[in-house]
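Chemist: can you look at this prediction? I've put the sequence above it.
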Amino acid sequence: MKTKLVRIGNSQGIRIPKPVIEEIGLSEEIEMILKDNQIILRSADQTRKGWDSAFERMAEEQDDQLIDKEEVEAPSKWDETEWTW
């Protein structure tokens, strides 16, 4: 599908046909991703969708522990030499 840039104030934009918006489920807020010289538009509502239930399942299965806990909790050289209480 080809379209043209249109002037919107000092910016430019494109018009997305209503059937396309409905087909891909775009909402009022859109996430725009720039990748490999392309612009990807997707509904911001889809971002992190389902994360709540995924985190709940992880907690139930005790799969929500830090994998680098020892490194994160161990004092760093800066903690030992620079930090003063």
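Modeler: Everything's here; your move.
Chemist: which other helices and strands does the one helix or strand in the chain whose mean pLDDT sits lowest contact?
Modeler: Of all helical and strand segments in the chain, the minimum by mean pLDDT, DSSP states H and E falls on helix 69-73, at a mean of 79. Of the remaining helices and strands, none touches helix 69-73 by 3 or more C-beta pairs under 8 Å, 6 or more residues apart in numbering; DSSP states H and E. All C-beta spots, glycine's among them, are computed from the backbone N, C-alpha and C.
Chemist: how far away from the center of its chain is that helix?
Modeler: 26 Å (C-alpha atoms, centre = their mean, to the nearest Å).
Chemist: show me where this structure has its helices.
Modeler: 18-24, 51-60, 69-73, 77-81 (DSSP state H).
Chemist: ok, and what's touching the longest one?
Modeler: The reference is to helix 51-60. Helix 51-60 is contacted by residues Asp63, Asp64 when judged by C-beta atoms under 8 Å, 6 or more residues apart in numbering.
Chemist: of all the residues in that helix, which ones are buried?
Modeler: Neighbour-count burial for helix 51-60 flags no residue at all (criterion: 16 or more other C-beta atoms under 10 Å).
Chemist: that helix: how far from the chain's middle?
Modeler: The answer for helix 51-60 is 18 Å, by C-alpha atoms, centre = their mean.
Chemist: also the first one?
Modeler: Distance of helix 18-24 from the chain centroid (C-alpha atoms, centre = their mean) equals 22 Å.
Chemist: could I have it exported to CSV, CA atoms only?
Modeler: Taking C-alpha atoms only, helix 18-24 is exported to CSV below (Å, rounded to 0.1, in the frame of the first residue of the first chain):
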residue,chain,number,x,y,z
LYS,A,18,-10.0,3.1,8.8
PRO,A,19,-10.1,-0.5,7.6
VAL,A,20,-6.4,-0.9,8.3
ILE,A,21,-6.8,0.6,11.8
GLU,A,22,-9.6,-1.8,12.6
GLU,A,23,-7.9,-4.8,11.1
ILE,A,24,-4.8,-4.5,13.2
